[in-house]
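Colleague: I would like to see how this sequence folds:
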Amino acid sequence: MVKVGKWIAKQRVLILLIGFLLIIPSIIGMAKTRVNYDLLSYLPEHLETVKGQDILVDEYGMGAFSMVVVEDTDLKDVQKLEEKFEKVDHVKDVLWYDDVADISLPVEMIPKDLRESFFEGDATMMLVLFDNTTSSDDAMNAVTELRSIASKQCFIAGMTGVVTDIKNVAMQELPIYVVIAAVLSLIILELTSGSFIVPFLFLLSIGLAILYNLGSNIFLGETSYITKALTAVLQLGVTMDYSIFLLNSYEENKLRFPGDKERAMGHAISNTFKSVAGSSVTTVAGFLALCVMTFALGRDLGIVMAKGVLVGVICCVTILPALVLVFDGPIEKTRHKLLLSNLDKPSAFITKHYKAWIVIFLVLLFPAIYGNNHTKIYYNIAQSLPSTLDCNIANDELKKDFNLSNMHIIMLDKGMSVKDKEEMFKKIDDVDGVKWTLGMNSLVGAGVPDSMIPDDVKSMLESDDHELAFVCSKYESATDEVNAQIAQIDKIVKKYDDTGMVIGEAPLMKDLEDVTNVDLVRVNAISIIAIFIIILLVFKSISLPIILVAVIEFAIFVNMAIPYYQGISLPFVASIVIGAIQLGATVDYAILMTTRYQKERMKGKDKMEAIGIAHRTSMPSIISSGLSFFAATFGVACYSKVEMIGSICTLLARGAVISTVVVLLILPAMFMIFDKVIIKTTKGFKQEQLESTPSAS
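Modeller: The predicted model follows:
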């Protein structure tokens, strides 16, 4: 590897030329990678709700719908608005009162079922049906055009409106995330590095790695907006260590080989690759653990971030060395005193009072576990957006005017008898929270011959094999009430038609909750097992993996418990990904200290001296890494209006600080207490080292 390192150092201009040329295909790849803004589209295909959505598209040419509330508007003007809506591209149909009755008929004379469906006070409601899926560009463009046509008294509710608003907010915020993360990271690096030029080189190298990673996503076809938003922030936070290690190694090797910078860099590249390749494995394992999720968003984020870490390693031993050698002169001229140059006294204080830290650990352990297990999670995607956005305003108006929060779709066998349908709908109407059901019978009457049913109504509600009905619910999506309601409706439907389905936004979110609850346990278990095995192989020890994983898991419990004691609910995505990411990204802090501790003990030093050296030498690097991770995520957490992204960044920023503190305070105390156990269960220690170990008192 030293020969390769020397070649890289010698060919630094060529490497930089290739590195900058790769920006072109990366930008093209980014532009051609579609961004998916609908998290519900990541649900597994075997679910009945997902199959039902596919049938809607295949048989009805309808993939989504919006509920439109029009207030204080003359019916003739509402009809004109309906006609305009029908002309919008990708609007398949608009279902309103005039499809089944003449608008000249006074509202008071309309049958009760129809009146409750379409009118409430001075407000009326229509259903706009789209010819493509909820998150398709076609449906989102249609909603945007509908909003431009709509008057101030018109509100467009529904999941497609939510997804459209997520897209609009995310597109505005994404570039700002990168700027905030870069600026705050630059400030931290300027304070912790030894030269004013070095931080800019670090950011340039990592910035190129981020571009390459985002550009290579073209092979995936599309990525979620959460993945795109977090990629730059996470990659910056977790790969900064590699850059710091390379520069430190280069400085050490310059002293070994005075006057021969290329040789010094060759050895630095070799040392860095060996060290970084090992430490990056735990980070990659943490991200790859997300790929076992049934909810495909985990696979999306896991693949992109694992790839990002690998790209970061490659850039760290190619692009960054070339930049450092080219700018070696300015680096030397802009040197300044290190902020973290001498931490001997704080380190000595920490290791001396190890018993106090163990007491604190034991005091906090059970509240942390309890809080972690009881933190509230929410699954309503609209809840993660500001209340001032169009989708949430429309949903509020829908609830205010019609006491309606959801519209379920029942998909039935077309051959079902009229009698069975009437009985079934009557029972569904009696389910708690159901306002009304709207099907073929309620629109045109049970006794109307098939030949007399208007074609536009038939095409909306009937296909060759199925018939649709709409169920109006008072309950909001992702609540216990609506989940119980859906389960009861599904039971009724299955009694009359075992192939019948209850589909729509709320049933999808119910499945989302069921799927991700299982995923949470699976991801945490896989990430712990994978990282445990990696540490076991690295240290050839049974006890050290247990200690290191336990220390970081404690930090994760503390992090996840804080929202519980704050009375804050977390979006479901944050609760799933944070454990794997925090474990994978910050266990390196513990590995760094453990490596030095093990090395010093094997040299024959007593445990107090070995732990003191390990703590003192690793403390500056751990603080720098933790602060870099914090800086990359904290600003985004404060700025983002999308709580899905903001909550994840809040947890990551806080997690970086907590992991840093826990590793610096608790880990050396663990070494003090379990030193004998570590020596007995670690390959390479000799019996005399155990016997000569003085007691720490």
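
Colleague: Following the helix or strand harbouring residue 519 in sequence, what is the next regular element?
Modeller: Using DSSP states H and E, residue 519 sits in helix 505-539. Along the chain past helix 505-539, the next helix or strand (assigned with DSSP H and E) turns out to be helix 543-566.

Colleague: gap between the longest helix seen in the chain and the chain center?
Modeller: The helix of greatest length in the chain, counted in residues with DSSP state H as the criterion, is given as helix 643-680. Here the centre of helix 643-680 is set off from its chain's centre by 22 Å, with CA atoms, centre = their mean, to the nearest Å.

Colleague: Now do that helix against helix 543-566: the angle between them, please.
Modeller: In terms of direction (axes from the mean of the first three to the mean of the last three CA atoms, to 10 degrees), helix 643-680 departs from helix 543-566 by 150 degrees.

Colleague: Could you pull up the mean pLDDT of helix 643-680?
Modeller: This predicted structure assigns helix 643-680 an average pLDDT of 94.

Colleague: one step back: what's the helix holding residue 519 packed up against?
Modeller: In this structure, helix 505-539 packs against helix 48-55, helix 261-288, strand 406-413, helix 480-496, helix 543-566, helix 572-602, with contacts taken as 3 or more CB pairs under 8 Å, 6 or more residues apart in numbering; DSSP states H and E. Backbone N, C-alpha and C define where each C-beta goes, glycine included.

Colleague: What residues of that helix count as buried?
Modeller: With burial defined by 16 or more other CB atoms under 10 Å, the residues of helix 505-539 counted as buried are 505-512, 515-516, 519-520, 522-524, 526-528, 530-532, 534-536, 538-539.

Colleague: what angle do that helix and helix 643-680 make?
Modeller: Relative orientation of helix 505-539 and helix 643-680, computed by the same axes, to 10 degrees: 30 degrees.

Colleague: distance between helix 505-539 and the chain's centre?
Modeller: The gap between the average C-alpha position of helix 505-539 and the chain average comes to 13 Å, counting by CA atoms, centre = their mean.

Colleague: Could I get the contacting residues of the nearest residue to residue 65 once chain neighbours are set aside?
Modeller: If the residues on either side of it in the chain are set aside, residue 65 comes closest to residue 129, at 4.8 Å by CB to CB, 6 or more residues apart in numbering. Contact criterion CB atoms under 8 Å, 6 or more residues apart in numbering gives 62, 64-65, 91-95, 460 as the residues in contact with residue 129.

Colleague: Save the helices and strands packed on helix 505-539 as a markdown table, and put in mean neighbour count too.
Modeller: As requested, the helices and strands packed on helix 505-539 are exported to a markdown table (neighbours: other CB atoms under 10 Å):
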| stretch | mean neighbour count |
| --- | --- |
| helix 48-55 | 18 |
| helix 261-288 | 22 |
| strand 406-413 | 22 |
| helix 480-496 | 18 |
| helix 543-566 | 21 |
| helix 572-602 | 25 |
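
Colleague: Poorly predicted segments of the protein, please.
Modeller: For the chain, the stretches with pLDDT under 70 are 105, 107-113, 339-341, 442-457, 686-697.

Colleague: Strands of that one, start to end?
Modeller: According to DSSP state E, the chain carries its strands in the segments 34-36, 64-71, 91-95, 119-120, 123-130, 154-157, 222-224, 377-378, 406-413, 434-438, 466-473, 501-503, 570-571.

Colleague: which strands and helices sit next to the fourth one?
Modeller: Contact analysis of strand 119-120 by 3+ CB pairs under 8 Å, 6+ apart lists no helix or strand as a packing neighbour.

Colleague: in its sheet, what does that strand sit against?
Modeller: Strand 119-120 has the following strand partners under DSSP bridges: strand 123-130 (antiparallel).

Colleague: With the flanking residues excluded, which residue is spatially nearest to residue 302?
Modeller: For residue 302, the nearest residue in space outside its immediate sequence neighbours is residue 290; the separation is 3.4 Å by CB to CB, 6+ apart.

Colleague: Report the contact partners of that neighbour.
Modeller: The neighbourhood of residue 290, defined by CB under 8 Å, 6+ apart, consists of 298-299, 301-302, 305, 523, 576-577, 580.

Colleague: From residue 296, how far out is it?
Modeller: From residue 290 across to residue 296, the span is 10 Å (CB to CB, to the nearest Å).

Colleague: Please apply the same query to residue 72.
Modeller: 44 Å.

Colleague: more neighbours, these two?
Modeller: A side-by-side neighbour count of residue 72 and residue 296, using other CB atoms under 10 Å, places residue 296 first with 18 against 10.

Colleague: gap between that one and residue 223?
Modeller: In this structure, residue 296 lies at 11 Å from residue 223, with CB to CB as the measure.

Colleague: same question, residue 668
Modeller: Spatial separation of residue 668 from residue 223 under the definition CB to CB is 41 Å.

Colleague: how about the helices of the stretch 51-200 of the chain, start to end?
Modeller: Ranges of helices in the stretch 51-200 of the chain, per DSSP state H, counting those that start in this stretch, are 75-86, 112-118, 137-149, 159-192, 198-216.

Colleague: As CSV, those helices with distance to residue 554 would be great.
Modeller: CSV is the format used below for those (distance: least, CB to CB, whole Å):
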stretch, distance to residue 554
helix 75-86, 56
helix 112-118, 55
helix 137-149, 43
helix 159-192, 25
helix 198-216, 30
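
Colleague: And these: which comes nearest residue 45?
Modeller: Taking CB to CB as the criterion, helix 159-192 is the member of the helices of the stretch 51-200 of the chain that comes nearest to residue 45, at 18.4 Å.

Colleague: tell me the angle that closest one makes with helix 198-216.
Modeller: Counting by the same axes, to 10 degrees, helix 159-192 points 150 degrees away from the direction of helix 198-216.
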